[in-house]
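Participant: pasting the sequence and the predicted coordinates here, then a few questions.
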Amino acid sequence: MEKKITFIHGADFHLGRSFPYDSLEKREEGRKDRFQTFQNMVEDCQRRQVDFLFLVGDIFEQELFQRKDGYRILDALRSLRKTMVFFLLGNHDYKLENFLEENAPENVYIFPSGEFHTIEIPEYNVSIMGESWGRETFQKKLSILSTDVREKGRNILLHHGMWGGDSYFPLDIPLDLHKKFSYIGFGHIHKPMEILENAYMVGTPEILDYGDKGHRGWIYGEIDESLRVEFIPASGKRIEEKQWKIWKESGFQEIQEGMKSLGFSKEGIYELTWTGEYPERGILEGIQEHWTQSGYTIRFLENLGWKRDYEGIYRQYKDTLLGRYLEEISRLSIEDKMKQEMIDVGIEAFLKGERR
Ligand SMILES: [Mn+2]
């Protein structure tokens, strides 16, 4: 019976970055959120007393890196009494290799860039391998050979990049070799995914943009005779999705009332989808501006049906200036989008004039 290995696998913290809030103040808060989530992961390692922590690239955002942040993170890792840390550099933090190499505490191993390295840990009967990003890595792929794999003992591979294809440091590994790994921990793509039964993309643990829906966090794993993994949701913030139905007769006031009933808070992050029909031109833009300028974080999406009954309008106004205008426009050979725009502007101007 092999000695049980326990680990936590995290990646893509992009420390230094924030969720793209509108205000500077909130962006500072978004930056702090990511450090807090990192700290929470370190505490989870402590609580579970894991043997290994795998950090699989893009832990930092190198263009936004500050040395004080680097020291802070390394201090947090130093505080782990039991846990050995394996730190692999990704395409967003490879420039920090020297800083990390010079300042890493004893329990943190930084994978060197540009060549494949294997660390053997006899007391656990395991080999942990990987290759950090460097300047040249954009043109490379990582080919695993049978000589890389230990027949005796367990193999763990860490990789920041893709598991196939031909861009972003793709991993090239024959299926029979794939099976020789107890665990393959990926970083790079921000959505957590099971790639194979022994290979996982962990995703970014704290939301970075509106695409980051669903659970976010890190992976806790155990290896003895087999592998067991558990996804640990951890993101401090999440995106709440809401919908609101509008009608073509809906006015500014009515839609505003609807918005208020949805219970937005200035602390939350929302994605609001308008469904139904297009109201009069300018109303939705006005409402978006109002909420955004009032300090709410809302992304507005439209899933609206036909703007209006164009056929009906044409029939009704056939013998008027509007009818002739529509005929002229429909004959023009211009881009559809432009044509649509001209039709809408024309109809609105005409109908508004009529109402007055
Ligand atoms: Mn990456």
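Facilitator: Yep, it's here. Residues are numbered from 1 along each chain as shown.

Participant: mind giving me the domain ranges of this structure?
Facilitator: Domain segmentation of the chain under automatic domain parsing yields 5-233, 239-355.

Participant: name the residues that touch stretch 325-340?
Facilitator: 310, 313-314, 317, 342-343, 346-347, 350 (CB atoms under 8 Å, 6 or more residues apart in numbering). (Glycine included, C-beta is placed from N, CA and C.)

Participant: what's the farthest-apart pair in those?
Facilitator: 317 and 342 (15.6 Å; CB to CB).

Participant: that older thread, looking at the domains of the chain, which has the lowest confidence?
Facilitator: Across the domains of the chain, domain 239-355 has the smallest mean pLDDT, namely a mean of 87.

Participant: check the offset of that one from the chain's centre.
Facilitator: Offset of domain 239-355 from its chain centre (CA atoms, centre = their mean, to the nearest Å): 30 Å.

Participant: stretch 15-25 too?
Facilitator: Worked out by CA atoms, centre = their mean, stretch 15-25 lies 14 Å from the chain centre.

Participant: residues contacting it, please?
Facilitator: Here stretch 15-25 has contacts from 26-31, 33-35, 38, 59-61, 63-66, 69, 73, 207-209, 237, 269, 292, 295, 297, using CB under 8 Å, 6+ apart.

Participant: quick one on the thing from earlier: okay, the contacts of stretch 325-340 in a markdown table with secondary structure and neighbour count next?
Facilitator: What follows is those, written out as a markdown table (DSSP: H, G, I helix; E, B strand; the rest coil; neighbours: other CB atoms under 10 Å):
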| residue | secondary structure | neighbour count |
| --- | --- | --- |
| 310 | helix | 15 |
| 313 | helix | 17 |
| 314 | helix | 16 |
| 317 | helix | 18 |
| 342 | helix | 17 |
| 343 | helix | 19 |
| 346 | helix | 16 |
| 347 | helix | 20 |
| 350 | helix | 18 |
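
Participant: burial of the residue lying closest to residue 38 once chain neighbours are set aside, as a residue count?
Facilitator: The spatially closest residue to residue 38, leaving aside those adjacent along the chain, is residue 13, at 5.4 Å (CB to CB, 6 or more residues apart in numbering). Using other CB atoms under 10 Å, residue 13 has 27 neighbouring residues.

Participant: return the backbone torsion pair for residue 13.
Facilitator: Dihedral pair for residue 13: phi -70, psi -30, per degrees, to the nearest 10.

Participant: likewise residue 148?
Facilitator: Dihedral angles (degrees, to the nearest 10) for residue 148: phi -80, psi -20.

Participant: assess the claim that it and residue 117 are in contact.
Facilitator: No - judged on CB atoms under 8 Å, residue 148 makes no contact with residue 117 at a distance of 10.4 Å.

Participant: what's the overlap in contacts for the two?
Facilitator: Contacts common to residue 148 and residue 117, judged by CB under 8 Å, 6+ apart, are residue 129.

Participant: buried set for the helix or strand harbouring residue 102?
Facilitator: For residue 102, the host element (DSSP states H and E) is helix 97-103. If you call a residue buried by 16 or more other CB atoms under 10 Å, then helix 97-103 has these buried ones: 97, 99-100, 103.

Participant: if I look at the nearest residue to residue 216 once chain neighbours are set aside, how far off is residue 318?
Facilitator: Ranked by CB to CB, 6+ apart and with sequence neighbours excluded, the top spatial neighbour of residue 216 is residue 235, at 3.7 Å. To residue 318, residue 235 is 57 Å away according to CB to CB, to the nearest Å.

Participant: over to residue 106?
Facilitator: 84 Å.

Participant: repeat that for residue 216.
Facilitator: Distance of residue 216 to residue 318, given as CB to CB: 56 Å.

Participant: can you give me every residue that contacts the residue of the stretch 101-250 of the chain found nearest the ion?
Facilitator: Residue of the stretch 101-250 of the chain nearest the ion, by CB to the ion: residue 188 (4.0 Å). Going by CB under 8 Å, 6+ apart, residue 188 touches 11-12, 57-58, 90-91, 160-162, 168, 201.

Participant: now the residues you listed as CSV including secondary structure, neighbour count and distance to the ion?
Facilitator: Converted to CSV, those look like this (DSSP: H, G, I helix; E, B strand; the rest coil; neighbours: other CB atoms under 10 Å; distance: CB to the ion, whole Å):
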residue, secondary structure, neighbour count, distance to the ion
11, coil, 30, 8
12, coil, 25, 6
57, coil, 28, 6
58, coil, 26, 4
90, coil, 26, 4
91, coil, 18, 5
160, strand, 32, 6
161, coil, 24, 7
162, coil, 19, 10
168, coil, 16, 7
201, strand, 24, 11
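
Participant: and the residue of the chain most remote from its centre, what helix or strand is that in?
Facilitator: Farthest-out residue of the chain from its mean C-alpha position, per CA atoms, centre = their mean: residue 319, at 54.6 Å. Counting by DSSP H and E, no helix or strand carries residue 319.
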